[in-house]
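1. Predicted model and sequence follow; I will ask about them next.
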Amino acid sequence: MYLIRRIYKTKPGQARKVASLVHKQAQIYRDAGQRPEFKVYFNGYTMPGEQDVVCLEWADETIQSPMREGNDLPEEALSVGQEVRQYIEGQRLEFFELLTEYKIIGK
C-alpha cells in the first residue's frame with residue numbers, strides 16, 4: 001500500500017483557488033474510477049509554516065502511470081489541470097510505502 005502526495009507551490013494568494021480546482025480534478029478522476037478517496041489541504045496564510053502550498057493525497061495498492069495502456073484520461077480533468085497551471089509556480093510528487101500490519105517488524 002502506498003501514500004501518494006502531489007504538492008503544489010502556488011502563486012501568492014492563490015492557495016485556496018488551487019485547492020478548489022485540485023479537488024474538482026481529483027473528484028473527476030474518482031468519478032471515472034481512476035482514483036480512490038483523496039484529501040486536499042492547503043495553507044494560504046491562515047496557519048504558521050510554509051505559505052501558498054496545496055497538497056493532494058491518496059492511498060493506493062499500486063503506483064500506475066496515467067499513460068498506461070487502456071487508461072482513458074477524462075478530458076474534463078485535463079482541462080481543469082490546465083487551469084491549475086496558471087496559478088502555480090511548481091509541483092512535485094512524493095511516494096511513501098504505508099506501514100501495514102503485515103510489514104510491522106517484531107509483531
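-> Arrived safely. In this text, all values refer to a predicted model and were calculated from it rather than measured experimentally. Numbers count the residues shown, from 1 in each chain.

2. Buried by neighbour count: which residues of stretch 22-36 qualify?
-> Using 16 or more other C-beta atoms under 10 Å as the test for burial, stretch 22-36 gives 22, 23, 25, 26, 28, 29, 34, 35. In short, each C-beta sits where N, CA and C put it, glycine included.

3. Just the ones in helices from the residues you listed, please.
-> Mapping those onto helices (DSSP state H) picks out 22, 23, 25, 26, 28, 29.

4. and residue 41, that's in a strand?
-> Yes: assessed by DSSP: H, G, I helix; E, B strand; the rest coil, residue 41 belongs to a strand.

5. count of neighbours near the spatially closest residue to it that is not a sequence neighbour?
-> Nearest non-adjacent residue to residue 41, counting by C-beta to C-beta, 6 or more residues apart in numbering: residue 55, 5.3 Å away. Neighbourhood size, residue 55 [other C-beta atoms under 10 Å]: 16.

6. Listing partners with orientation, what would you give for the helix or strand containing residue 55?
-> Assigned by DSSP states H and E, residue 55 belongs to strand 53-60. Partner strands and pairing direction for strand 53-60 (DSSP bridges) are strand 2-10 (antiparallel), strand 38-43 (antiparallel).

7. which stretch among these comes nearest residue 99?
-> Within the strands paired with strand 53-60, the stretch nearest residue 99 is strand 2-10; the backing value is 10.1 Å (C-beta to C-beta).

8. Next, the buried residues of that closest one.
-> Neighbour-count burial for strand 2-10 [16+ other C-beta under 10 Å]: 4, 6, 8, 9, 10.

9. ok, now which ones touch the fourth one?
-> It refers to residue 9. Listed by C-beta atoms under 8 Å, 6 or more residues apart in numbering, the contact partners of residue 9 are 52, 53, 88, 89, 90, 91.

10. Could I get the pLDDT score of it?
-> Per-residue pLDDT puts residue 9 at 98.

11. quick one: it from residue 59, how far?
-> 23 Å (C-beta to C-beta, to the nearest Å).

12. Next: the second one.
-> Residue 6 sits at a distance of 13 Å from residue 59 (criterion: C-beta to C-beta).

13. Also the first one?
-> As judged by C-beta to C-beta, residue 4 and residue 59 stand 7 Å apart.
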